[in-house]
Structure formats: structure tokens, C-alpha cells
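Undergrad: 3D, please:
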Amino acid sequence: MKRVYLIILFFIVTLIPLNIKAYDIENYYIDAELKINGDLEVKEYYEMNGNYNGSFNEVYFANPNAYDFDKNISILGYSNIYDGSKINLHEIRGIPKDSDFDFSKIEGTVFEKNDHAEKGDYGYYTVDLEEYGDKYTIYLPSNKNEAFYLNYTIENFAVLHNDIGELWWKRFDRTNNTESIGYLRIKIKFPNNSKEFRVWIHGPLNGTVKKVSNNVLLAEITDFNAYTDISVRSTFDRKVISESIKKSDINALDKILAYEQDKANEANYEREQKNSIIKKEFLTKLSSCKESSNRYCYQNLLTITNTLDNVDPEFKMTYLEELEQIHKEVNTQEENKAYQAVELFGKTLKYENYESAKYAIDILENYELKRELYYELGVYLNGLKKIERVRDTVSMTIVAALGIIGLMIYAKAKYDYECEGIEVKQKYSKEIPKLSPSSISYLMKGKITSASISAEILDMIDNKLITYEKKGNDYYLINYEKRNKLNFKQTALINLIFDRKDKINLNDLQIPEDPITKKAKYNHWITYELRALQEGKNENLINSKYKKRKVNSILIGILLFSIGEIVYINSINYYSITTSLVAGIVILMMIIILMLHDSILVRTIKGKKEYFKVIAFKNFLKDFERLDKKDLPKVDLWRKYLVYATVLGCSKKLLKVMNLKIQELKLEENPIEMVPIKYINRLTNNCMISSHYKNTSNSDFGSWLSDSRRE
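TA: Got it, this is the predicted structure:
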């Protein structure tokens with residue numbers, strides 16, 4: 001069966017498209033507030049893409065590459081005076097994803113610190129204290145579909161100068177920024193600020209920073225690459241951090257402005273160099289388009305000109321006339337190609353030609369021409385569909401014929417395997433089989449079923465190896481004390497049922513929760529199953545090499561699968577619902593045949609004889625109600641009939657018929673009175689479920705339950 005499931009899984013996987021997202025982190029929002037003592041309280045929210053077990057997040061309070069602070073320096077760049085003293089983590093959460101996340105409404109699960117958390121866990125985090133910051137490992141797997149939330153404080157962070165207050169925060173640098181971010185937003189609040197307020201951003205040129213108000217800084221950047229630096233800097237009123245203990249004892253504003261002016265000059269120079277490259281690229285592509293104009297080239301020029309709108313509008317205006325000429329040439333070329341594509345489709349009715357013509361019409365800018373060509377294309381398409389319907393009918397007929405032929409070959413092979421070397425002499429037989437119920441299960445299905453276990457229990461009750469009593473509405477099974485009269489298989493079954501108890505109540509069966517008891521049940525079941533299977537094998541009923549003779553059904557299944565794949569691909573290429581339906585039918589037939597091939601049992605000559613004897617006996621039991629009084633067998637045998645009817649799956653009907661026959665015979669005592677079969681089936685199911693300690697049994701656990709539920 002594993003081969004069947006692998007084939008099905010492979011077919012399904014080949015039809016699933018892959019969807020790869022561009023960024024490791026979709027959105028990263030930071031909301032911070034500067035405290036009067038110079039601490040910076042930070043709240044962070046971010047959404048990760050893809051499959052992951054959690055997230056590593058490093059937060060620095062100090063810069064290992066910062067130089068020592070010097071009061072006498074003329075310009076004030078990054079130094080260790082901007083380092084904080086430590087990080088105080090408040091909480092980590094997993095919260096619902098929201099692209100418009102509001103930091104004023106925090107929900108979700110509060111995570112716990114757990115140094116023993118493992119991959120796949122949820123709701124935990126660990127903290128590694130490093131020299132310049134903290135590293136958080138957050139266990140939030142992607143299957144939870146939640147975002148990450150952190151709340152922490154960087155202590156003693158802002159600097160109090162003689163003339164102003166200052167904050168310089170590098171949240172990401174080349175060491176702790178290991179994942180790309182689609183959109184990054186940093187908002188910092190400076191409470192009570194009223195006069196002095198300047199802001200700067202350092203990092204990629206596409207990053208922006210602005211003053212939302214006189215006390216709020218907002219920095220934004222899109223397409224933020226991994227291993228890239230970004231920092232924000234601000235000057236503000238001294239009263240904002242009046243209680244800060246970090247003081248520089250210098251007048252810093254002029255030195256800060258000098259540093260930032262140098263950085264601005266560098267950025268402007270870099271922008272000019274970039275603009276020069278853009279202009280050169282534009283002129284190169286313009287020259288290329290003049291020589292060979294096409295839609296792709298023209299679209300590239302438009303993309304560059306949109307950039308030039310912000311760089312040098314006058315430069316763009318100089319070449320507008322040439323752009324318009326290229327535009328006209330491109331439109332003329334595309335209209336001619338559309339005419340030719342429609343004409344080709346009309347002459348050669350193929351879907352690939354239809355797609356080419358449709359694409360050629362789609363890109364046209366002339367609406368009236370598009371409508372005219374679409375109408376002509378539709379006329380040709382209707383003609384193609386008529387041809388296709390005829391082809392579909394023929395395909396369906398051929399495939400259906402192949403499927404029927406395959407099923408006939410399969411049925412013939414199966415019948416030949418089972419009937420070879422034996423002649424069926426009778427349809428009915430009153431003779432009780434000499435095989436035990438478990439051996440009959442092995443003969444009929446090649447395994448030990450729950451129905452055969454129920455039959456074995458009933459047989460032991462009939463043979464007085466297990467006794468029972470009824471008290472009120474409760475039935476009790478009583479263990480047999482003289483174990484020396486039991487064979488190995490019966491001993492194993494007694495251990496499975498009673499598990500060292502003397503008596504069990506069939507109305508009060510419980511599934512054990514104790515792992516030790518479950519394991520003991522499992523071991524009892526394995527012992528019983530092995531002994532029951534060995535008993536069947538000792539009877540020499542089934543050829544142990546029968547799997548080698550299943551080739552026909554497997555080849556038929558593979559053939560139908562190949563046909564189904566071909567028809568399915570054909571349905572995709574030709575947009576045919578009918579053909580898709582045919583493909584589905586063929587593949588379904590393949591699945592059924594591959595699943596049925598495991599049901600073929602190649603029996604020995606003895607096994608075939610016993611098989612037809614059992615079938616004849618089953619037919620007799622199923623037609624028991626048709627027997628006249630004079631033809632009825634002795635009532636002493638009826639209990640034994642019920643035993644074998646249980647393993648053959650017809651005990652429920654037989655029991656009803658026997659009770660009616662007893663009423664007709666007007667017997668004083670009911671000769672088939674015994675523990676109701678439904679209680680025995682309940683006991684069997686309890687044993688099966690309780691013994692399912694590991695999924696390593698030779699029998700199929702699902703078939704146990706389905707077999708028992710039939711009765």
C-alpha cells in the first residue's frame with residue numbers, strides 16, 4: 001500500500017504551484033519613547049515569511065566599533081558616549097498578524113523564559129547575554145501564523161549636552177541584521193519637547209526621516225537588505241532628559257551639525273554619481289531602441305524616465321519627441337503582428353496559436369482594433385472547440401475501453417490464481433470447517449482480523465474454556481483456572497482479554513491510560529497475533545511467495561496512470577473539461593487497481609480446497625432461513641455455527657434467523673443463549689485500541705475497527 005500512497009502523493013505534488021515570497025520579514029514596526037532619565041523604551045512588531053521554527057533577534061545597547069569619546073573633537077561622530085548601560089527585557093509575545101498594527105492594542109500569548117526549549121516548541125524564549133547586547137531565541141513556529149512582539153528598555157541611552165539633548169540609535173548593523181525586510185518603520189517620541197528638534201537618518205539612500213510633529217521622529221525604508229546598517233539621530237530640548245546621568249560637558253550642536261553636513265555632502269555626491277549612471281543608461285537604451293524598437297525596450301525607457309522625473313526633469317523633456325516616435329513605431333509593429341497571429345490561428349487551429357494571437361491582441365493600445373480582432377479570434381476558437389469535442393469523444397471511448405479491458409484482465413488473473421488446480425463441486429455445505437476462526441481469517445484475508453478474535457472468544461466460551469455469568473443487565477467473563485488445557489494461542493488470547501484479572505465486566509470496559517498497561521496490552525496482542533498467524537501458516541494455506549504473482553495488476557495500474565497523465569496534460573493544453581474528467585476517471589481506476597492488488601492471495605492446493613469449503617459453508621449460513629424444519633441441523637451445532645458466522649461476517653443476520661427458528665420449534669430452552677455478540681465485539685475493540693501502543697503490528701489497525709463495526 002505504501003507504493004500506492006507514494007504514487008498518489010507524487011501526482012498531487014506535481015500539480016501544486018510554488019509561491020516564494022521576496023523578503024524574510026514582511027513588515028517591521030518599531031515604536032520607542034525617550035524617558036526623562038535618558039532610558040529608551042522600545043516596542044517592536046515584525047512578521048516573518050516562509051517556514052521557520054522561530055526567530056533570533058539581537059538587540060545592542062553598545063557599539064563594539066565606536067571610538068572613545070573626545071571632548072575636544074571638532075565634529076561629533078559616533079563614539080562610545082552613545083552607548084547604553086544594559087537592556088531590560090519586559091516581555092515577548094506571539095500576536096495576531098496585522099499589517100496596520102497598533103501598539104496601543106497589545107494582545108496575544110505572553111511567552112515564558114525556558115532554557116530547555118527545543119525546535120518546534122511554542123510560547124518560550126531564551127536569552128544569551130553578550131558583551132554589547134542581548135540575543136533572544138524566540139520559539140514561535142510558522143504554523144502558528146503569528147507575528148513577533150518585543151518590549152524592552154535600553155537604559156542610560158540618551159546624552160545630555162550643555163546646550164541640547166541627543167539620541168543616536170543604530171538598531172540594525174551588519175552583524176545583527178541577518179534578514180531582508182520589505183518595509184521598516186521607526187517611530188520615536190520625545191515627550192515635552194517644544195523648541196530644538198532636528199532629525200537625521202544614516203543608511204541606504206532610499207531611507208527617509210521626518211518630523212511628524214515637534215516631538216515625534218518617523219523613519220521609513222522599503223526593500224531593506226540584510227547585513228545593512230541603519231541608524232537615526234536626533235537633537236532636542238535638554239528638558240526632555242533633564243534627569244539623565246549621562247553628561248558630555250560640552251556644547252554639542254555645532255559639532256553635530258558639522259558632522260551631519262559632511263555626511264550630507266557625501267550622500268549628495270553619491271546621488272549625483274548614481275544620477276549620472278541613470279542618464280548614461282537612458283541614452284544607451286534610447287540608442288538601442290532607435291535601431292530596433294520593441295515593447296520591452298520602450299517599457300524599460302519609461303521606467304528610467306519615471307526615475308528621471310525626480311532626478312532631472314529637464315533632461316527628460318529634451319528627449320520626449322524621440323520617445324514618442326519610438327512609441328508610434330512599437331504600436332505599428334504590434335498591430336501588424338496581431339493581424340498575422342489571428343490569420344495564422346485561422347489557418348492552423350491549435351491552442352498554442354490561439355494563445356499567441358490572444359497575447360498579441362492583449363498588448364494593443366488601439367481599443368477599436370482590439371475589439372475587431374477579438375471577434376475574429378472568437379469565431380476561429382468556436383471552430384476549434386467543435387473539433388475538440390469530437391476528439392474528446394474518441395479519447396473517452398478509447399480510454400474507457402482500455403480501462404474495462406484492464407479490469408477484465410485483472411479479474412481473470414485473480415480468479416485464475418485462486419481457482420487453478422481445484423474444481424468447485426458444491427455451492428452449499430453443512431460441514432463445519434476444521435480450521436480455527438483465526439486460521440479462517442488468515443485463509444480469507446491473509447491476516448488476523450477483529451472478527452476472528454471475537455469468534456475465537458465465542459469458541460472458547462462454547463468449549464467451556466471461558467465461562468460467563470449474567471447479573472441484571474451486566475455480563476461478566478470469568479477466567480479459566482486450568483491453564484494446562486489451553487494451547488499457546490488460547491493462552492495469549494486469555495492474557496490479552498483478562499490481563500491477570502479473574503473477572504471482567506463487559507459493560508464497564510475502560511481504555512487504560514497508564515503507558516505500562518498499554519505496553520503490556522500491546523505485548524499480549526503481538527504474542528497472540530504471531531501465534532495465530534503461525535497456526536495459519538502451519539496449515540499450509542497460502543503460498544508465501546504470492547507477492548511475486550501480482551505483476552499483472554501493478555502493470556495495469558501503471559499503464560492506466562500513464563494514460564491518465566497524458567490525458568490530463570492534453571486537457572491542460574486544450575482547455576477541455578471533458579478530457580479532464582476522463583483523466584480523473586483513468587487515474588481513479590489506477591488508484592483502485594493498485595489498492596486492490598494487495599488483496600490477491602495465492603493459495604496452495606489445500607488452501608483452495610479449504611477456501612471453497614468455507615465459501616460453501618458461508619452460503620449455507622446465509623441461506624439458513626430458507627431451511628425447512630426437517631432440513632434443519634441439530635440445534636447442538638448452532639452455537640458452533642455462530643462462532644464461524646462471526647469470523648465470516650454474517651453472525652448478526654444468522655442470530656436473528658436462529659431465534660425465529662427456535663420460536664417455530666417451540667423449544668423450552670434457548671440452545672444458543674450465550675454472551676451477546678455485540679458485547680464480544682465491544683471487548684475485542686477494547687483490546688485492539690488498548691493494545692495499539694505502537695503502530696508496528698502486522699495487521700492494519702483501521703481494518704480491525706471496520707471489520708468489527710460490520711457486526
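Undergrad: State whether residue 100 is indeed within a strand.
TA: No - counting by DSSP: H, G, I helix; E, B strand; the rest coil, residue 100 falls outside a strand, being coil.
Undergrad: Next, it: phi, psi?
TA: phi -110, psi 50 (degrees, to the nearest 10).
Undergrad: That one and residue 202: what is the separation?
TA: Residue 100 is 28 Å from residue 202, where distance means C-beta to C-beta, to the nearest Å. Quick note: C-beta positions are derived from backbone N, CA and C, even for glycine.
Undergrad: Same drill for the two, tell me which one is more crowded.
TA: Higher neighbour count among residue 100 and residue 202: residue 202, with 17 against 6, using other C-beta atoms under 10 Å.
Undergrad: how many neighbours does the closest residue to the more buried one other than its chain neighbours have?
TA: Distances taken as C-beta to C-beta, 6 or more residues apart in numbering place residue 231 nearest to residue 202, at 4.7 Å, with adjacent residues excluded. Look at residue 231: counted by other C-beta under 10 Å, it has 20 neighbours.
Undergrad: sec struct for residue 231, please.
TA: strand.
Undergrad: wait, it sits on residue 199?
TA: No - counting by C-beta atoms under 8 Å, residue 231 does not reach residue 199; the two are 11.6 Å apart.
Undergrad: check which helix or strand covers residue 194.
TA: Taking DSSP states H and E as the definition, one finds residue 194 inside no helix or strand.
Undergrad: list the contacts for it?
TA: By C-beta atoms under 8 Å, 6 or more residues apart in numbering, the contact set of residue 194 is 214-215, 237.
Undergrad: do the same with residue 206
TA: Residue 206 sits next to 221-223 when contact means C-beta under 8 Å, 6+ apart.
Undergrad: repeat for residue 89
TA: With C-beta under 8 Å, 6+ apart, residue 89 has these contacts: 127, 134, 136, 150-152.
Undergrad: So what touches stretch 633-642?
TA: 430, 432, 458-459, 462, 621, 624, 651, 654-655, 658, 662, 665, 667, 671-672, 674, 677.
Undergrad: so of these, which ones are in helices?
TA: Applying DSSP state H to the contacts of stretch 633-642, the entries found in helices are 458-459, 462, 621, 651, 654-655, 658, 662, 665, 677.
Undergrad: what two of the residues you listed are the furthest from one another?
TA: 459 and 665 (24.4 Å; C-beta to C-beta).
Undergrad: More neighbours: the two, which one.
TA: residue 459 (22 against 11).
Undergrad: didn't residue 539 look like it was pressed against residue 440?
TA: No - look at residue 539 against residue 440 with C-beta under 8 Å: they stay out of range, at 10.0 Å.
Undergrad: quick one: buried residues of stretch 492-501?
TA: Buried residues in stretch 492-501, defined by neighbour count with 16 or more other C-beta atoms under 10 Å: 492-498.
Undergrad: got a markdown table for those residues, with secondary structure and pLDDT too?
TA: Shown next, in a markdown table, are the buried residues of stretch 492-501 (DSSP: H, G, I helix; E, B strand; the rest coil; pLDDT from 0 to 100):
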| residue | secondary structure | pLDDT |
| --- | --- | --- |
| 492 | helix | 83 |
| 493 | helix | 83 |
| 494 | helix | 82 |
| 495 | helix | 82 |
| 496 | helix | 81 |
| 497 | helix | 80 |
| 498 | helix | 81 |
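Undergrad: Show me the strands in the stretch 601-711 of the chain, by range?
TA: Counting by DSSP state E, counting those that start in this stretch, no segments of the stretch 601-711 of the chain form strands.
Undergrad: mind showing which ranges of it have poor pLDDT?
TA: Across the stretch 601-711 of the chain, the ranges flagged by pLDDT under 70 are 674-676, 686-711.
Undergrad: one step back: got a quick ChimeraX command for the buried subset of the contacts of stretch 633-642?
TA: Selection of the buried residues among those in ChimeraX, burial being defined by 16+ other C-beta under 10 Å:
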select :458,459,621,624,651,654,655,658,662,674,677
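Undergrad: Residue nearest the middle of the protein, spatially speaking?
TA: The C-alpha lying nearest the average C-alpha coordinate of the chain belongs to residue 143 (C-alpha atoms, centre = their mean; 8.8 Å).
Undergrad: On the pLDDT front, check that one for me.
TA: We have a pLDDT of 91 for residue 143.
Undergrad: One more: residue 59?
TA: At residue 59, pLDDT is 92.
Undergrad: residue contacts, it?
TA: Per C-beta under 8 Å, 6+ apart, neighbours of residue 59: 42, 87, 133-134, 136, 150, 152, 154, 176.
Undergrad: Residue ranges of each domain in the protein, please.
TA: Following automatic domain parsing, one gets these domains for the chain: 25-251, 274-336, 437-549+602-709.
Undergrad: For residue 380, find the nearest of those domains.
TA: Counting by C-beta to C-beta, residue 380 lies closest to domain 274-336 out of these; the figure is 18.5 Å.
Undergrad: Show the end-to-end separation of the closest one, please.
TA: By C-alpha to C-alpha, to the nearest Å, the extent of domain 274-336 from end to end equals 39 Å.
Undergrad: What is the distance between it and the centre of its chain?
TA: The chain centre lies 47 Å from the centre of domain 274-336; the measure is C-alpha atoms, centre = their mean, to the nearest Å.
Undergrad: for stretch 623-633, same thing?
TA: So, by C-alpha atoms, centre = their mean, the centroid of stretch 623-633 is 58 Å from its chain's centroid.
Undergrad: Put together CSV for the contacts of residue 59, with secondary structure, distance to residue 193 and pLDDT on each row.
TA: CSV is the format used below for the contacts of residue 59 (DSSP: H, G, I helix; E, B strand; the rest coil; distance: C-beta to C-beta, whole Å; pLDDT from 0 to 100):
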residue, secondary structure, distance to residue 193, pLDDT
42, strand, 18, 96
87, strand, 24, 95
133, strand, 27, 90
134, strand, 29, 92
136, strand, 31, 93
150, strand, 25, 96
152, strand, 23, 96
154, strand, 19, 96
176, coil, 29, 79
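Undergrad: which one of those residues is nearest residue 451?
TA: Distance to residue 451 across those (C-beta to C-beta) is lowest for residue 136, with 57.5 Å.
Undergrad: partners of that closest one in the sheet?
TA: residue 57, residue 127 (DSSP bridges).
Undergrad: Could I get the contacting residues of it?
TA: 56-59, 89, 92, 125-128, 150.
Undergrad: measure it to residue 94 for me?
TA: Taken as C-beta to C-beta, the span from residue 136 to residue 94 is 13 Å.
Undergrad: Ok, residue 672 next?
TA: Counting by C-beta to C-beta - residue 672 and residue 94 are separated by 63 Å.
Undergrad: Check residue 317 too.
TA: In terms of C-beta to C-beta, residue 317 sits 54 Å off from residue 94.
Undergrad: Then residue 155?
TA: In terms of C-beta to C-beta, residue 155 sits 26 Å off from residue 94.
Undergrad: Which residue of the two possesses the greater neighbour count?
TA: More crowded of residue 155 and residue 94, by other C-beta under 10 Å: residue 94, with 20 against 17.
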